[in-house]
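Engineer: okay, here's the prediction I keep looking at, along with the sequence it came from:
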Amino acid sequence: MKYAVVRISGSQYRVTEGEEILVNKLPDPKKFEAEVLLVVDGEKVSVGKPVASGSKVTFKVISEVEKGDKVDVYKFKAKSRYRKHTGFTPRFTRLLVQSITF
């Protein structure tokens, strides 16, 4: 099984070829770089310190902005009639992993 661990805008993701992933919205989806931290291909393993040199993962942007599920936040204090409701809808970028190379 061939997979890689990449860091995109501060978050780490375990990816395989042909997989679609949702990452936090990228400011410029056409110009972003993923740092490859680990590549595993069966018995061969390439571990970076912190980045694996010579390894590359190529992505294709499927959708630049995609809405996630709404996150509701409730605040409540007993006996004081304090109730507050806020929330937000996260934005994501959907990427397709095209290839993983050593």
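Structural biologist: Okay, I see it. Numbers count the residues shown, from 1 in each chain.

Engineer: how near is G42 to Y3?
Structural biologist: 11 Å (C-beta to C-beta, to the nearest Å). All C-beta spots, glycine's among them, are computed from the backbone N, C-alpha and C.

Engineer: and if you look at R14?
Structural biologist: On the measure of C-beta to C-beta, R14 and Y3 end up 6 Å apart.

Engineer: ok, E35 next?
Structural biologist: Using C-beta to C-beta, E35 is found at 16 Å from Y3.

Engineer: hang on, the earlier thing: looking at G42 and Y3, which is more packed in?
Structural biologist: Taking neighbours as other C-beta atoms under 10 Å, G42 and Y3 compare with Y3 leading, 15 against 7.

Engineer: hang on, that one packs against T16?
Structural biologist: Yes. The criterion here is C-beta atoms under 8 Å, and Y3 meets it with T16 at 4.7 Å.

Engineer: now do the shared contacts for the two.
Structural biologist: Common neighbours of Y3 and T16, using C-beta atoms under 8 Å, 6 or more residues apart in numbering, are I100.

Engineer: can you give the strand pairings for the helix or strand of the chain with the lowest mean pLDDT, parallel or anti for each?
Structural biologist: Using mean pLDDT, DSSP states H and E, strand 44-47 stands out as the lowest-scoring helix or strand of the chain, at a mean of 90. Applying DSSP bridges to the sheet, strand 44-47 is found paired with strand 35-41 (antiparallel).

Engineer: in the partner strand, what counts as buried?
Structural biologist: By neighbour count on 16 or more other C-beta atoms under 10 Å, the buried set for strand 35-41 is V36, L37, L38, V39, V40.

Engineer: beta partners for the residue nearest in space to the middle of the chain?
Structural biologist: With distances taken as C-alpha atoms, centre = their mean, V23 lies nearest the centre of the chain, 3.4 Å away. Partner residues in beta bridges with V23, using DSSP bridges, are T93.
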